[in-house]
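Colleague: Sequence and predicted structure, then a few things I'm wondering about:
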Amino acid sequence: MPVKKKRASKAVSVAPVELIVRRGALRRFDKLKQATAELPVKLTWDRRVNDGRGTVKPGQRDPGYADRRGAPPYTWDAADFLVVGKPSAERRRRPKR
């Protein structure tokens, strides 16, 4: 009976998942860093200093209104982190026209 050779498996390129940890959640950041050391995960801090909602003069529309579509995800309030599907560098790219 002939011996079958194993085909070399192609390395699957998995896009890393981005986790954004709430500012000041030091223990959460440390735990996630340890738990995801061997996984394709990009761990970053939330860089926002404030809410970003400045005062709007009467009669003017808030320019960031469309960006704030609703309440933050459950994990942001309960576990101090947010799971983002694509890394931020890929989200920022504009499609070619």
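Modeller: Thanks, I have it.
Colleague: average pLDDT across the longest helix seen in the chain?
Modeller: Ranked by residue count and defined by DSSP state H, the top helix of the chain is helix 26-35. Per-residue pLDDT over helix 26-35 has a mean of 94.
Colleague: For it, which helices and strands make contact with it?
Modeller: strand 17-21, strand 41-45 (3 or more Cβ pairs under 8 Å, 6 or more residues apart in numbering; DSSP states H and E). All C-beta spots, glycine's among them, are computed from the backbone N, C-alpha and C.
Colleague: Repeat the analysis, applying 10 Å as the threshold.
Modeller: With contacts taken as 3 or more Cβ pairs under 10 Å, 6 or more residues apart in numbering; DSSP states H and E, helix 26-35 sits against strand 17-21, strand 41-45, strand 81-84.
Colleague: what are the bridge partners for Val41, then?
Modeller: Val17 (DSSP bridges).
Colleague: Where does Thr75 sit: helix, strand or coil?
Modeller: helix (DSSP: H, G, I helix; E, B strand; the rest coil).
Colleague: before we move on, the earlier item: what residues does the longest helix of the chain touch?
Modeller: 19, 21-23, 25, 41, 43-45, 79-81 (Cβ atoms under 10 Å, 6 or more residues apart in numbering).
Colleague: Look up the closest residue to Thr36, ignoring the ones flanking it.
Modeller: Closest residue in space to Thr36, ignoring its immediate chain neighbours: Leu43 at 6.3 Å, by Cβ to Cβ, 6 or more residues apart in numbering.
Colleague: any idea how far that neighbour lies from Gln60?
Modeller: 38 Å (Cβ to Cβ, to the nearest Å).
Colleague: Show me which of these two is the more surrounded one.
Modeller: Leu43 (18 against 7; other Cβ atoms under 10 Å).
Colleague: Could you point out which residue ranges in this protein have low pLDDT?
Modeller: 1-13, 51-59, 61-69, 86-97 (pLDDT under 70).
Colleague: If we use 90, what do you get?
Modeller: 1-17, 24, 46-78, 82-97 (pLDDT under 90).
Colleague: Identify the residues contacting the closest residue to Arg22 other than its chain neighbours.
Modeller: With sequence-adjacent residues excluded and distances taken as Cβ to Cβ, 6+ apart, Arg22 is closest to Asp80, at 4.1 Å. By Cβ under 10 Å, 6+ apart, Asp80 lies in contact with 20-29, 32, 46.
Colleague: Lovely, talk soon.
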